[in-house]
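Engineer: Below are the sequence and a predicted model for it; my questions follow.
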Amino acid sequence: MSRTVKNYIDGEWVDSGASDLFPVHDPATCELLAHCPDSTAEDVDAAVMSARAAFEEWRSTPVLVRAQYMHHFKVMVEENFEKVSQIVVREHGKTMDEARGEVRRAIESIDFAMSVPVLMRSDGLEDISSGIDETTVRQPAGVFAAITPFNFPFMVPLWFLPTAITCGNTFILKPSPQTPLATECLFEMLDELDLPEGVVNLVNGGVPSASALMEHPDVTGVSFVGSSAVAQIIYETCTRNGKRVQAQGGAKNYIAVMPDADIEASVKNILGAAYGCAGQRCLAAAVAVGVGDAYDQLKDELAKQVAELKVGYGLEETTQMGTVISDAAKQRIESMIGQSEGEGADVVVDGRGLSVDGYENGSWVGPTLIADVQPHTVMATEEVFGPVLSLMKADDFDEAVDIINQSRYGNAASIFTSNGKYAREFKYSVNAGNIGVNIGVAAPSASFPFGGQKDSFFGDLHGQGMDSIEFYTERKIVIERWV
Amino acid sequence: MASLNTFGAVFTFAIELERRLSAYYGSIGETHLSRAADKRRKKLERVRRENVVEITLEPIAGLDAADYALELNDGSAAGQAAAAGIAARFYREAAPKINVRAAQRALERCGKEHAS
């Protein structure tokens, strides 16, 4: 019997009261790594009570002291860098480079939180009327929670936790029950930091714990990253319960490739964008739109390079693409490829039915390239969340932009071109929150907000950057007259 | 031997190469060379950790570990020169394949140290 992951509440590792458990598998080897409890509303209530009790003392802890915790935290993550990366590979299935890249970006978010003493400062104005001064101050707002997905189990929690607590709030994390081990490791490091009890809490589980967080009257705000369908539910539930909320949803990210682009170099980058993390990221390139003559060149070069990608176990350094998260995901992805084929698309490179020597039972879907995809078909409209890149053709730049803007999603879009005019027009016209120019994965660094429009985002203030300072603080206006 | 087809594969190979060289130099009493190899190994571990850029991870082609196999049974001056030559050639050929300048520079510097 494998072990069951514990919750971390009030500075202690505690068992959940849950009777239901989720198995956690290595998706390549199928080894059972652990069980994750489906924590209950009572578990959540204990975490919220602890976080609420810790808030007053923590908010009055000097901000420079709070930032110092982040300095020590960063050192710990650096020291455990390889260990964390390997845990991410084992529970998720991505490659070592991808896991290291994830941990690196997580550290960037800790770096950003160290800037909170500067970023929380506000402004003021003397003599707004005779002898009257007016200032604004930012204050922490209370207990915040984050509900995070399986695809970046170490990075996404750190988009939120460091900034939230350095701003003086207390925090509860509910990670995906598919990948609880990276966050367990994260909380082992937080435990070593000796933060006051209740400042950070971990509740493992699925829907019951997420619902309890959204409905708990003592939770001020919720951050979420996941599918659009769930993001909308999170948004509606949290707003109905009077909470602030930032809910990042799914995506269908388009890439326009102009005839003037360096096709070979562009394809090299597009490969990483489409097949990195086996396509399981909200910034994955899903559709490449070849404009004019670029279409055939793109199709030929992609077919050549996609077929050369080495799929295998992520812990092997030479693996260029790992597994998808589960057999259920594999079946869903393969079914969508079949549906696309039935709609008349041309499956140029077919990743269905792949087997990897030594790991025959793993959740493998090989890199897949589908050409001649038409608007309104499954590959043009639905998020696959797997290693599938579709190709569409546009006669000119304007048609490419029209195709992209028809999507109900608006997470990211990129253009590959050597023409500044097209690049400028693309940035100006495309309705997506993150725009890439000659970059396939338009992932904002920690000091910029993570964009997202249309059905890819529900809320007002985004994660990361100055938006996160706004989200995690309450502004108070002070008007003073001393006579 | 596998192809060095990823950022991590190149750096992990370099780290292992320096670890083996450090042991080799240590075994033949070349203490300062052993320490220098160990210093490079630690630097490469840091560079691998700090310069892996998720948004520009791209496949690498044209590097094979078999082309840089070290023969470390010969402790003579000629044997040492041969080992250093292979290491220098590896770094010279690997550096241009890396698309992060700071990481590329670290490989170039390792190559220069082996060549000098």
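Structural biologist: On my side now, so go ahead.
Engineer: remind me which residues of the chain are low pLDDT?
Structural biologist: You didn't pick a chain, so chain A it is. When residues are selected by pLDDT under 70, those of chain A lie in A:1.
Engineer: think we crossed wires, I meant chain B
Structural biologist: Low-confidence segments of chain B, defined by pLDDT under 70: B:1-2.
Engineer: can you list the residues of it near chain A?
Structural biologist: Among all residues of chain B, those adjacent to chain A (criterion: CB under 8 Å from any CB of the partner chain) are B:2-9, B:12-13, B:48-50, B:52-59, B:61. (Glycine included, C-beta is placed from N, CA and C.)
Engineer: Excluding covalently adjacent residues, which one is nearest to the closest residue to chain A within chain B?
Structural biologist: Using CB to the nearest CB, the single residue of chain B nearest to chain A is B:Glu54, 3.1 Å away. Distances taken as CB to CB, 6 or more residues apart in numbering or on different chains put A:Gly101 closest to B:Glu54, at 3.1 Å, once the chain neighbours are dropped.
Engineer: Count the neighbours of the one you found for me.
Structural biologist: 26 (other CB atoms under 10 Å in any protein chain shown).
Engineer: same thing with the one 5 residues further on?
Structural biologist: The burial metric for A:Ala106, expressed as a neighbour count using other CB under 10 Å, is 28.
Engineer: Just the C-alphas of whichever strand or helix holds it, formatted as CSV.
Structural biologist: Element membership of A:Ala106, judged by DSSP states H and E, is helix A:96-113. Once side chains and other backbone atoms are set aside, the C-alpha atoms of helix A:96-113 remain, and they are given as CSV (Å, rounded to 0.1, in the frame of the first residue of the first chain):
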residue,chain,number,x,y,z
MET,A,96,13.7,17.0,-17.4
ASP,A,97,14.4,20.2,-19.4
GLU,A,98,10.7,21.1,-19.2
ALA,A,99,10.6,20.4,-15.5
ARG,A,100,13.8,22.4,-14.9
GLY,A,101,12.3,25.2,-17.0
GLU,A,102,9.2,25.1,-14.8
VAL,A,103,11.2,25.3,-11.6
ARG,A,104,13.2,28.1,-13.0
ARG,A,105,10.0,30.1,-13.7
ALA,A,106,8.7,29.3,-10.3
ILE,A,107,11.9,30.9,-8.8
GLU,A,108,11.3,34.0,-11.0
SER,A,109,8.0,34.3,-9.1
ILE,A,110,9.8,34.2,-5.8
ASP,A,111,12.2,36.8,-7.1
PHE,A,112,9.2,39.0,-8.0
ALA,A,113,7.8,38.6,-4.5
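Engineer: Quick one: residues contacting A:Ile403.
Structural biologist: Residues touching A:Ile403, when contacts are defined by CB atoms under 8 Å, 6 or more residues apart in numbering or on different chains, comprise A:254, A:289, A:375, A:380, A:392, A:394.
Engineer: Which of these fall in strands?
Structural biologist: Assigned to strands by DSSP state E, the following of the contacts of A:Ile403 qualify: A:254, A:289, A:392, A:394.
Engineer: what's the burial count for the first one?
Structural biologist: What that stands for is A:Tyr254. Other residues close to A:Tyr254 by other CB under 10 Å number 27.
Engineer: Same question for A:Thr61.
Structural biologist: Burial of A:Thr61 is recorded as 15 neighbouring residues (other CB under 10 Å).
Engineer: That one looks like it's in a helix, true?
Structural biologist: No. Following the definition DSSP: H, G, I helix; E, B strand; the rest coil, A:Thr61 is coil and is not counted among the residues of a helix.
Engineer: got the phi/psi numbers for it?
Structural biologist: As for A:Thr61, its main-chain torsions (degrees, to the nearest 10) stand at phi -70, psi 130.
Engineer: got a list of what it touches?
Structural biologist: By CB under 8 Å, 6+ apart, the residues touching A:Thr61 are A:168, A:196.
Engineer: any idea how far it lies from chain B?
Structural biologist: Counting by CB to the nearest CB, to the nearest Å, the gap between A:Thr61 and chain B amounts to 30 Å.
Engineer: One more: A:Leu193?
Structural biologist: For A:Leu193, the distance to chain B equals 21 Å [CB to the nearest CB].
Engineer: Find the residue at the geometric middle of the chain.
Structural biologist: The chain I'm using is chain A. Residue closest to the average C-alpha location in chain A (CA atoms, centre = their mean): A:Val156, at 4.9 Å.
Engineer: You answered for a different chain; I wanted chain B.
Structural biologist: Centroid-nearest residue in chain B: B:Ala14, 3.1 Å away (criterion: CA atoms, centre = their mean).
Engineer: Helices along chain B, start to end?
Structural biologist: Assignment of helices within chain B using DSSP state H yields the ranges B:7-27, B:31-50, B:77-94, B:101-115.
Engineer: and these, which is most packed in?
Structural biologist: Highest mean neighbour count of the helices of chain B: helix B:7-27, a mean of 21 (counted as mean count of other CB atoms under 10 Å in any protein chain shown).
Engineer: Now the nearest residue to A:Ile479 once chain neighbours are set aside. Its backbone dihedrals?
Structural biologist: The shortest distance from A:Ile479 to any residue that is not its chain neighbour, by CB to CB, 6+ apart, is 4.9 Å, and that residue is A:Glu134. The phi/psi pair for A:Glu134 (degrees, to the nearest 10) reads phi -130, psi 130.
Engineer: what residues are up against A:Glu134?
Structural biologist: With contacts defined as CB under 8 Å, 6+ apart, A:Glu134 is in contact with A:124-125, A:128, A:477-480.
Engineer: go again using 6 Å as the cut-off
Structural biologist: By CB atoms under 6 Å, 6 or more residues apart in numbering or on different chains, the contact set of A:Glu134 is A:125, A:128, A:479.
Engineer: Tell me which residue lies farthest from the centre of chain B.
Structural biologist: The outermost residue of chain B relative to its centre, with distances by CA atoms, centre = their mean, is B:Ile55 at 24.4 Å.
Engineer: what about the closest residue to it other than its chain neighbours, neighbour count?
Structural biologist: Across the structure, with CB to CB, 6+ apart as the measure, the residue nearest B:Ile55 apart from its sequence neighbours is A:Val441 (4.2 Å). Counted by other CB under 10 Å, the residues lying close to A:Val441 total 25.
Engineer: Now do the contacts for A:Val441.
Structural biologist: A:273, A:283, B:55.
Engineer: swap the cut-off to 7 Å and go again
Structural biologist: Under the criterion of CB atoms under 7 Å, 6 or more residues apart in numbering or on different chains, the neighbours of A:Val441 are A:272-273, A:276, A:283, B:55.
Engineer: what about it, helix or strand, and which?
Structural biologist: With elements taken from DSSP H and E, nothing contains A:Val441; it lies in neither a helix nor a strand.
Engineer: From A:Tyr254, how far off is it?
Structural biologist: A:Val441 is 13 Å from A:Tyr254, where distance means CB to CB, to the nearest Å.
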